[in-house]
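>>> structure, please.
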Amino acid sequence: MHGTVDLADNTNLDAARERANSLALSDYDPGNPELFKTDTFWPYFDRLRREDPVHYCKDSMFGPYWSITRYNDIMDIETNHSVFSSAASLGGITIRDVPPDLRRESFIAMDQPRHSAQRKTVAPMFTPTHLDDLATNIRKRSTECLDNLPRGEVFDWVDKVSIELTTQMLAVLFDFPWEDRRKLTRWSDVATTLPGAGGLVATEDERQAELMECAGYFARLWKERSSQPPKSDLLSMMAHSDATRNMDPKNFLGNLILLIVGGNDTTRNTLSGSIYALSKHPEQYRKLKENPALIDSFVPEVIRWQTPLAHMRRTALADYEFRGRQIKKGDKVVMWYVSGNRDEEAIEKPYEFLIDRARPRTHISFGFGIHRCVGLRLAELQLKIIWEEILKRFDTIEVVDEPQRVYSSFIKGYETLPVRIAA
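Numbering: from 1, shown residues only. Below you'll find the predicted structure:
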């Protein structure tokens, strides 16, 4: 991996650090998507962890919210379900409130006991036996994708590899019509984007129209699956389970979007992030080439380093004192995974990318507790297999320019990543 670009991002970061240190903490709005688009949010979280780890932002484009920035504090909020709710009816799991009439339950945006009943329905997809079956499939598709990459010319890794492979995987998981698989990518992006001029969708109405198209498409597939004997795809599992077969349309679409976004964004952005990370740390790529067994610790390290979902949000069900701060009933509480994964008190040398880290699974990218990502083993498996195949083929993948990043403080991802593989 060769990095060819460094100066621009260092200058940006220096300016951001200066601004972060001179701004009054009371004026901090770490959830501003512009900071994520420009990759300049780091110094803000560094200062919050040091000086104001439970921070209140009184005004932002998302309204007022609390920021929880330290690893262990995030763990405490994440496991305190009696006070901090994920329920869609209260606004759900993102810093951006969904308008009340558009709120859709999914098992991640749902509290106990219903949460576990719905989650259990899809859990068999991720058992070791089933993952073994999927592994063969992943390897076959990875080799085809990598063997068809252009040599000696610049191409977009995000589109050709990250999106293609994760979308193929989703199509397999849902047993979704192959020729329409890119619809899944589109629906995932539309579900999480911030509407606005020049964006993926200009207005909330446009977004809802596309999501209704998604619901209609899946409703037809659901009808087919429920009239057939049970099979091992996610739709069939849900159609034949007592906990999910009678979901109302909102809960149905909510769970679909959760599974599509969960299966798409996290793996896709970590796969792009892995190429970018190694281009920044060529000595780590040499280490990996010399000892491919390090893939086992490289994968969780890159998931920590990337943190594909920057945050999860909860809503306070009661007044609650936390670390000396008074959180009020109804307050929005944002757990910044991206900050917890750089917390010096929990992780040694958190800013370093070390593929042979002693405890690489000490990270919070998948959440913690009952809402921990149900597909995390599959995400790790995909990354592991794809990297085994990359190492067999390519001496270097050269990143030729800085990536374009997503305008979002929820999805921490890449729109484009231009690379070249030597001819």
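>>> put the alpha carbons of stretch 24-44 into CSV.
Output in CSV follows, covering the C-alpha atoms of stretch 24-44 (Å, rounded to 0.1, in the frame of the first residue of the first chain):
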residue,chain,number,x,y,z
ALA,A,24,-15.8,27.7,24.3
LEU,A,25,-17.0,24.2,25.3
SER,A,26,-20.5,25.6,25.6
ASP,A,27,-20.4,26.3,21.8
TYR,A,28,-19.4,22.7,20.9
ASP,A,29,-21.6,20.9,18.4
PRO,A,30,-19.6,17.7,17.8
GLY,A,31,-22.5,16.2,15.8
ASN,A,32,-22.2,18.7,13.0
PRO,A,33,-22.0,16.5,9.8
GLU,A,34,-19.6,19.0,8.2
LEU,A,35,-16.9,17.9,10.7
PHE,A,36,-17.3,14.3,9.5
LYS,A,37,-17.3,15.2,5.8
THR,A,38,-14.0,17.0,6.3
ASP,A,39,-12.6,14.4,8.8
THR,A,40,-11.9,17.2,11.3
PHE,A,41,-14.0,16.1,14.3
TRP,A,42,-11.1,14.3,16.1
PRO,A,43,-9.7,17.3,18.2
TYR,A,44,-13.3,18.1,19.4
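>>> tell me the buried residues in that stretch?
Neighbour counts over stretch 24-44 (16 or more other CB atoms under 10 Å) mark 28-33, 35-37, 40-44 as buried. C-beta coordinates here come from the backbone N, C-alpha and C atoms, glycine included.
>>> would you format those as JSON lines with secondary structure included?
Listed next are those as JSON lines, based on DSSP: H, G, I helix; E, B strand; the rest coil:
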{"residue": "Tyr28", "secondary structure": "coil"}
{"residue": "Asp29", "secondary structure": "coil"}
{"residue": "Pro30", "secondary structure": "coil"}
{"residue": "Gly31", "secondary structure": "coil"}
{"residue": "Asn32", "secondary structure": "coil"}
{"residue": "Pro33", "secondary structure": "helix"}
{"residue": "Leu35", "secondary structure": "helix"}
{"residue": "Phe36", "secondary structure": "helix"}
{"residue": "Lys37", "secondary structure": "helix"}
{"residue": "Thr40", "secondary structure": "coil"}
{"residue": "Phe41", "secondary structure": "coil"}
{"residue": "Trp42", "secondary structure": "helix"}
{"residue": "Pro43", "secondary structure": "helix"}
{"residue": "Tyr44", "secondary structure": "helix"}
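>>> looking at these, which one is closest to Asn21?
Among the buried residues of stretch 24-44, Pro43 lies closest to Asn21 (CB to CB), at 7.1 Å.
>>> was I right to think Thr307 contacts Val338?
Yes: under the criterion of CB atoms under 8 Å, Thr307 makes contact with Val338 at 4.5 Å.
>>> now the common contact residues for the two.
Residues touching both Thr307 and Val338 by CB atoms under 8 Å, 6 or more residues apart in numbering: Lys412.
>>> quick one: contacts for Asp97?
Phe62, Gly63, Gly91, Lys332.
>>> turn those residues into JSON lines, columns for secondary structure and neighbour count.
Shown next, in JSON lines, are those (DSSP: H, G, I helix; E, B strand; the rest coil; neighbours: other CB atoms under 10 Å):
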{"residue": "Phe62", "secondary structure": "coil", "neighbour count": "21"}
{"residue": "Gly63", "secondary structure": "coil", "neighbour count": "13"}
{"residue": "Gly91", "secondary structure": "coil", "neighbour count": "24"}
{"residue": "Lys332", "secondary structure": "strand", "neighbour count": "23"}
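>>> next, the buried residues of the helix or strand bottoming out on mean pLDDT in the chain.
Sorting the helices and strands of the chain by mean pLDDT, DSSP states H and E puts helix 114-122 at the bottom, at a mean of 75. By 16+ other CB under 10 Å, the buried positions in helix 114-122 come out as His115, Gln118, Arg119, Thr121, Val122.
>>> which among these gets closest to Val161?
Distance to Val161, by CB to CB, is smallest for Val122 among these, at 26.2 Å.
>>> wait, doesn't that closest one sit right on Val374?
Yes: the pair Val122 and Val374 qualifies as a contact (CB under 8 Å) at a distance of 6.3 Å.
>>> how about the helices of the stretch 301-423 of the chain, start to end?
Counting by DSSP state H, counting those that start in this stretch, the stretch 301-423 of the chain has these helices, from start to end: 337-340, 376-393.
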